[in-house]
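**Q** output the structure for:
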Amino acid sequence: FNDRAEAGIAGVTAPATAASPTQASSAATKGHHIALVQFLKGHPVHRLMQLGFHEACVALQYDCELLLTDSTSAPDMIPLAEQALAEPVDGIVFASFSNSFFPTIAKFKAKGIPVVTPHFTSFDQAESGLTAVVGADVAAYGKAVADAMGDKLGGAGTVAVTQGSFNQTENLAATSFKDEMTAKYPNIKVLPAQEEGFDQAGAIAKAEAIIAGNPDITGAFSTTGAGPTTWSTAAADTNKNIVIISMDYTRPNLDLVKAGKVYGLVAQPLYDEFYQAVVLVGEAIDGKPVQYRNLLPAPVIFAKDLDKYYAFNDRAEAGISGVTAPATAVPTP
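**A** Residues are numbered from 1 along each chain as shown. Sure, this is the predicted structure:
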């Protein structure tokens, strides 16, 4: 998955603009016209997500475009969604991470255009106006991380929690982690969640500041994909032994687990949730009934589990050239 994403989806490296929307496939396509609106286009986690969107479009022969921003700002994303609305598209996969997107979603709904949000699954349908959400069972993996860390720490210690940003999904992960830890490991102190941010140098500095302010720290849970680098670097810089669990099976994160610098990773279904979002949008366009909340498993993986996730990268070496469609239209989650 990583190798294929890094090999490049046509146009992903170029900024999406109203005058020149990025096409997800140069091959002849048929059927529905679907857009993906997403933030942080160059982030390695997001490249895996974009790969899932792209390959679903290829497999289902939809005409798809990527409308991506460099920032995490809703004001930067909303004009791209408005662009898709004006084209118009038949459906949209919209990485809407807060209620600031609800008025824009309402415009699509008013025109009968289905909107599916992947990854951010905690919204209520009546409030958001979304057709469906699809992604990891966030509350479940927050609890699973607490169980794994609490056991590793022997039921005692101090644990930091950091988030990429304060959004619905990461908030839920942090809250479920703390609630489970409090219930099952009352002798472990969980520090208030802090915003890690998406600038790596700034995130490392934040983690080091947390360590300096809490010299008894023994564990860290980061709810964002850069967390393994953030906390492993901060631990090394401060000469601290910290049990680190964070997110996502990107190659650098797997390498950190393999090297023993990170204890575990939450294997969010990054590829599958964006693939399934396209499937759901297509079904909604076709007038088929669509379940609103679609939750996929996100296991906590450790050093013994890495081969399976490295195998995603090895697929490229087995003869996949560039970006190709999977053997089946709908992969098993």
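**Q** can you pull the contacts of residue 52?
**A** Residue 52 sits next to 270, 271, 272, 273, 274, 275, 278 when contact means CB atoms under 8 Å, 6 or more residues apart in numbering. Just so you know, the C-beta spots here come from the backbone N, C-alpha and C atoms, and that holds for glycine as well.
**Q** can you tell me which of the residues you listed are in helices?
**A** 270, 271, 272, 273, 274, 275, 278 (DSSP state H).
**Q** quick one on the thing from earlier: filter the contacts of residue 52 down to the buried ones and hand me the ChimeraX line.
**A** The ChimeraX selection below is limited to those of these classed as buried (16 or more other CB atoms under 10 Å):
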select :270,271,272,273,274,275,278
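**Q** a markdown table for the contacts of residue 52, including pLDDT and distance to residue 144?
**A** Converted to a markdown table, these look like this (pLDDT from 0 to 100; distance: CB to CB, whole Å):
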| residue | pLDDT | distance to residue 144 |
| --- | --- | --- |
| 270 | 86 | 17 |
| 271 | 86 | 20 |
| 272 | 92 | 18 |
| 273 | 95 | 17 |
| 274 | 95 | 22 |
| 275 | 95 | 23 |
| 278 | 97 | 28 |
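**Q** for the contacts of residue 52, give me TSV that also has distance to residue 292.
**A** Shown next, in TSV, are these (distance: CB to CB, whole Å):
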residue	distance to residue 292
270	21
271	22
272	18
273	15
274	17
275	18
278	17
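**Q** from the contacts of residue 52, which is closest to residue 150?
**A** In terms of CB to CB, no member of the contacts of residue 52 lies closer to residue 150 than residue 270, at 25.9 Å.
**Q** surely the closest one meets residue 247?
**A** No: assessed by CB atoms under 8 Å, residue 270 is found out of contact with residue 247, at 9.3 Å.
**Q** between the two, which contacts overlap?
**A** With contacts taken as CB under 8 Å, 6+ apart, residue 270 and residue 247 have residue 45 as neighbours in common.
**Q** what's stretch 97-104 in contact with?
**A** The list of residues contacting stretch 97-104 from outside it, by CB under 8 Å, 6+ apart, reads 39, 74, 77-78, 81-82, 85, 94, 96, 119-120, 123, 127-129, 165, 167-169.
**Q** ok, now stretch 269-277?
**A** Counting by CB under 8 Å, 6+ apart, residues outside stretch 269-277 touching it are 1, 36, 45, 48-53, 55-56, 93, 116-119, 132, 134-136, 248-249, 294, 296-298, 312, 330-331, 333.
**Q** so among those, which ones count as buried?
**A** Burial by neighbour count, judged by 16+ other CB under 10 Å, picks out 1, 36, 45, 48-53, 55-56, 93, 116-119, 132, 134-136, 248-249, 294, 296, 298, 312, 331 from the contacts of stretch 269-277.
**Q** out of these, which are inside strands?
**A** Residues of those located in strands (DSSP state E): 36, 93, 116, 117, 118, 132, 134, 135, 136, 294, 296.
**Q** pLDDT and distance to residue 101 added to these, as CSV?
**A** What follows is these, written out as CSV (pLDDT from 0 to 100; distance: CB to CB, whole Å):
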residue, pLDDT, distance to residue 101
36, 96, 14
93, 98, 13
116, 98, 13
117, 97, 8
118, 96, 13
132, 98, 15
134, 97, 16
135, 95, 15
136, 94, 20
294, 97, 19
296, 94, 22
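**Q** what is the nearest of the residues you listed to residue 231?
**A** Distances from residue 231 to these, taken by CB to CB, are shortest for residue 136, at 20.3 Å.
**Q** give the contact list for that closest one.
**A** Residues in contact with residue 136 (CB under 8 Å, 6+ apart) are 119, 121, 266, 268, 269, 273, 295, 296, 297, 298.
**Q** relative to residue 169, how far out is it?
**A** Separation of residue 136 from residue 169 (CB to CB, to the nearest Å) stands at 8 Å.
**Q** what do the two both touch?
**A** Both residue 136 and residue 169 are contacted by 119, 121, under the criterion CB under 8 Å, 6+ apart.
**Q** pLDDT score for the residue nearest to residue 35 when sequence neighbours are not counted?
**A** Excluding the flanking residues, the one nearest residue 35 by CB to CB, 6 or more residues apart in numbering is residue 84, at 4.1 Å. If you check residue 84, the pLDDT there is 94.
**Q** wait, residue 84 touches residue 37, no?
**A** Yes: in this structure, residue 84 is within contact of residue 37 by CB under 8 Å, at 6.5 Å.
**Q** common neighbours of those two, please.
**A** By CB under 8 Å, 6+ apart, the residues touching both residue 84 and residue 37 are 67, 92.
**Q** tell me the one of the contacts of residue 52 nearest residue 69?
**A** residue 274 (16.2 Å).
**Q** so how far is residue 246 from the residue nearest to that closest one when sequence neighbours are not counted?
**A** Distances taken as CB to CB, 6+ apart place residue 52 nearest to residue 274, at 3.6 Å, with adjacent residues excluded. Look at residue 52 and residue 246: by CB to CB, they are 21 Å apart.
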